[in-house]
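Peer 1: would you be able to build a 3D model of this:
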Amino acid sequence: MDLHDDDDCERMTPSRRAVLGAAGALFAWSFVPKLAYAAPGSRDPRFLVVVLRGALDGLSAVPPLGDPAYQSLREGIALSKDGPDAALPLDGFFYLHPAMPNLARLYRNGQAAIVHAAATGYRERSHFDGQDVLESGQPGPGYTATGWLNRLLASLPAGEGIARKGVLGVGVVPPLVVRGEAPVLGWAPPRMARAGADLTMRLADLYGQRDPRLAAALQQAIETEGLAQRRGMDGKPAGGGGPDSVDGMRRIAEGAAGLVGADDGPRIAALAFEGWDTHANEGGAKGVLATRLSGLDGALATFEQGLAPVWKDTVVMVVTEFGRTAAVNGTTGTDHGTGTVAFLVGGAVKGGRMIADWPGLRPEQLYQNRDLKPTTDIRAVAKGVVADLFGLSGPVLAEKVFPGTGELKPMQGLVA
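Peer 2: Residues are numbered from 1 along each chain as shown. Next comes the predicted model:
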């Protein structure tokens, strides 16, 4: 039976998500900061969060070929250890989709770790609510209009460091994960002509006379555009595919790396890749999901290249709102599920490791007899990364960044 909820998936259109916040500025969208902050310690870290919207099939991205129940559950899309399109070996039990050779290389080089059977605390299967929980860092949907990355920035000690530079959101609409009181910058790959200097000056004068906050926002947007131009991002409309294409993901990653890698740029960023809702014709070694994974893999290589001078201090965290059903549906796809995978990539990652308390895939081991059972909370992973990168204490993480998670300890040993 196809468990696809058409109404719920319709709610995932860009216009539906736009309700979460305002978008649109002359160059880049921007919000006005109320305070300035700085990062502790001597490390100059970069932290990028990539959200895969639509729910990644973790059992295909990182197939547990060592589990005896895997093959029968994945009829029509199962991967194998042998043949021309063989999965890439990781630890002898878990393998990697063949569309991700760059991630496999980073894993072998100790610069990538993979967390399997992971999820947030959310246990329903609505994309919209699942992404709300993932990006807000709250225990359920609708709790707040701020995101955990913004609250992370606002929790850093006051001064002239990382937090003063703001958090970067990449895309036309500001992701929930970056919204809040701390400085927020934005950039989107150019798709249309930019406003001229004359119009910019007239608007700046108008805002300066009537609305100081809008004037400050416009000025911050202009400064972000200036930073982009200094990094060779000339603002000309780009061709190629959309944001869910291989080329689109590369261009988004290229822009994010250019800004985050700048000496005077933001140190924390978030971006989203669309198109992971594989209800029908998902494909195995080749097909729709393979194309998406190839795009993600290319984006990871783009991050590595674009952030090369600071790669040793960089962590890229790839997450999704939930996983997909363990069994294939009647249209050779998978439906909304629960447990999935998260990726940690970067020179600052203590990598070359599969991190999994594996629950198994036999019927009695599945969550509600249908999904991969989550055994690791993604919030514990995020806590562990930011605690080591930015020196935040457990109480700050439990009370401000991820409220109400005092019992959920930061995962140790994720950062080298």
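Peer 1: which ones are touching the closest residue to R362 other than its chain neighbours?
Peer 2: Nearest residue to R362, sequence neighbours excluded (CB to CB, 6 or more residues apart in numbering): A69, at 5.1 Å. All C-beta spots, glycine's among them, are computed from the backbone N, C-alpha and C. Taking CB atoms under 8 Å, 6 or more residues apart in numbering, we find A69 in contact with 360-362.
Peer 1: also I268?
Peer 2: Taking CB under 8 Å, 6+ apart as the test, what I268 contacts is 46-48, 149, 152-153, 162, 167-168, 260.
Peer 1: next one: the residue nearest to R362 from V178, what distance?
Peer 2: Note on A69: its distance to V178, by CB to CB, to the nearest Å, is 39 Å.
Peer 1: before we move on, back to that, most neighbours out of the contacts of A69, which is it?
Peer 2: L361 (21 neighbours; other CB atoms under 10 Å).
Peer 1: check contacts around it.
Peer 2: 64, 67, 69-70, 73, 326, 372.
Peer 1: go with 7 Å
Peer 2: Counting by CB atoms under 7 Å, 6 or more residues apart in numbering, L361 makes contact with 67, 69-70, 73, 326.
Peer 1: over to A342?
Peer 2: 115, 118, 317-319, 378, 381.
Peer 1: direction included, what does the helix or strand that contains it pair against?
Peer 2: Using DSSP states H and E, A342 falls within strand 340-345. Sheet pairing of strand 340-345 (DSSP bridges) gives strand 112-119 (antiparallel), strand 314-320 (antiparallel).
Peer 1: now the ones you listed in CSV, with mean neighbour count?
Peer 2: Converted to CSV, the strands paired with strand 340-345 look like this (neighbours: other CB atoms under 10 Å):
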stretch, mean neighbour count
strand 112-119, 26
strand 314-320, 26
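Peer 1: of all those strands, which one is nearest Q305?
Peer 2: Within these, the stretch nearest Q305 is strand 314-320; the backing value is 11.8 Å (CB to CB).
Peer 1: and the residue lying closest to T291 once chain neighbours are set aside, how close does it get to G346?
Peer 2: Among residues not flanking T291 along the chain, V246 sits closest, at 6.7 Å (CB to CB, 6+ apart). From V246 across to G346, the span is 21 Å (CB to CB).
Peer 1: these two: who's more crowded?
Peer 2: G346 (30 against 19).
Peer 1: returning to what we had before: closest one of the contacts of A69 to V288?
Peer 2: For these, the nearest to V288 is L361 (22.7 Å; CB to CB).
Peer 1: can you check the pLDDT for the nearest residue to the closest one once chain neighbours are set aside?
Peer 2: Spatial nearest neighbour of L361, excluding adjacent residues (CB to CB, 6+ apart): A69 at 3.8 Å. On pLDDT, A69 comes in at 98.
Peer 1: how about the strands in the stretch 101-250 of the chain?
Peer 2: Taking DSSP state E, counting those that start in this stretch, the strands of the stretch 101-250 of the chain run over residues 112-119, 167-170, 184-187.
Peer 1: helices or strands up against the second one?
Peer 2: Strand 167-170 is packed against helix 148-154, strand 184-187, helix 246-260, strand 268-273, with contacts defined by 3 or more CB pairs under 7 Å, 6 or more residues apart in numbering; DSSP states H and E.
Peer 1: that one pairs with which strands?
Peer 2: Partners of strand 167-170 in its sheet, by DSSP bridges: strand 184-187 (parallel), strand 268-273 (parallel).
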